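> Based on what follows, work out the 3D shape:
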Amino acid sequence: MKKILIFIVVFTVAAIAFGKSIRRTLSIAQNSVPETETIADETMEFVYDYRCCVDTAGRLEDNFTSDDMLLQIAPGGISKFSSFKNLTVDSIVMRCSQEQLYQAANDGKLQNGEFMTIYKNYPSGKLTHTEKICMDWFRYEEEMPMLDWVLTDSVTTVLGYECRSAKCTFRGREWTAFYTEDIPIMEGPWKLQGLPGLIMKASDENGHYSFECKGIKSKANRPITIYKVPFNKVGRKEYYDTKHRYEINPYAYFEAATGQHVTVTDMEGNPSLTAYDPIELPYDYIELDWKK
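Model prediction:
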């Protein structure tokens, strides 16, 4: 795999709280696509609208990010949940020349989506989480989570399917999910699964994280793949510790990881004197037990 040659640094001061930025973004546009390995042939796929609150105090005008996520399901219980946007970026990178890549990067067409990827039953009986943090890839495995769902009485409709509700508490958040028995697959977005039908819609009690199915392809032939990259194999807590260390200070993390310095300027082009100071994140992760 080639080294990354193109990088765009975006310093976002989306709102000011007592003179400090409450959100920072370091975007690195890719100029190559890692090789992949096929692990299963899918038969069905579902697209979910994934929304995440990035400012729980409401100080940002637009305090949610969103991404289209693709759930691929294969025979034998293997599934993959990953960013649909990243598939598009990979496709652009693979067919463009170097000059076209620079133009696409300048036009914002190489902005990646969510790097989190969840594999269920890969390997058998395990859940595998892979993710790119800054320039490095991380991977952890855990036993397939057992969610203690309680069926409730609410009913809603998603994409024309009648869906019944269920609740559970999972790693610090109370989730409400709506599943349809018309698609008798005990699957769902992210790590959610184990109901008597596909989970079409789910959110935590505060609405900070949510998933809603927006598209179904009942006969699909896109292979389920995994990147062939040198993963840093870690535990779940170590993954969250690393992610947190990066997000509170992305420029310092980038400098430590690559030896390159990032010069950050404000909207007027003046150097930011506090860019390398850690910030307090105005949100928490989808699993709240990581600090324990």
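> From here on, just use CA atoms for contacts and neighbour counts.
Fine.
> now the strands: where do they sit in the stretch 51-200 of the chain?
Taking DSSP state E, counting those that start in this stretch as the test, the strands found in the stretch 51-200 of the chain are 64-73, 79-83, 117-120, 126-133, 136-143, 150-158, 161-170, 173-180, 198-204.
> Relative to the fourth one, what are the paired strands and their orientations?
If I follow you right, that is strand 126-133. strand 117-120 (antiparallel), strand 136-143 (antiparallel) (DSSP bridges).
> so how far is the last one from its chain's centroid?
For strand 136-143, the separation from the chain centroid amounts to 14 Å (computed by Cα atoms, centre = their mean, to the nearest Å).
> can you tell me the average pLDDT over that strand?
Mean per-residue pLDDT for strand 136-143: 97.
> just checking, which of the strands paired with strand 126-133 sits deepest inside the structure?
Each of those was scored by mean neighbour count; the highest is strand 117-120, a mean of 23, by mean count of other Cα atoms under 10 Å.
> what does that strand rub up against?
77-83, 126-131, 144, 190-191 (Cα atoms under 8 Å, 6 or more residues apart in numbering).
> now do 10 Å
Contacts to strand 117-120, defined as Cα atoms under 10 Å, 6 or more residues apart in numbering, come from residues 69-73, 77-83, 126-132, 139, 141-145, 187, 189-191, 193, 224-226.
> low pLDDT regions in the stretch 101-250 of the chain?
104-105, 108-109 (pLDDT under 70).
> quick one, phi psi at the nearest residue to Tyr246 once chain neighbours are set aside?
Closest residue in space to Tyr246, ignoring its immediate chain neighbours: Tyr253 at 5.6 Å, by Cα to Cα, 6 or more residues apart in numbering. Here is the backbone geometry of Tyr253 (degrees, to the nearest 10): phi -60, psi -50.
> How about Phe254?
phi -60, psi -40.
> Count the neighbours of the residue nearest to it when sequence neighbours are not counted for me.
Leaving aside its chain neighbours, Phe254 sits nearest to Cys134 (6.6 Å; criterion: Cα to Cα, 6+ apart). A total of 18 residues lie near Cys134 under the criterion other Cα atoms under 10 Å.
> Quick one, which of the contacts of strand 117-120 are buried?
69-73, 78-83, 126-132, 139, 141, 144, 187, 189-191, 193, 224-226 (16 or more other Cα atoms under 10 Å).
> follow-up on the earlier one: what's the pLDDT at the residue nearest to Tyr246?
At Tyr253, pLDDT is 93.
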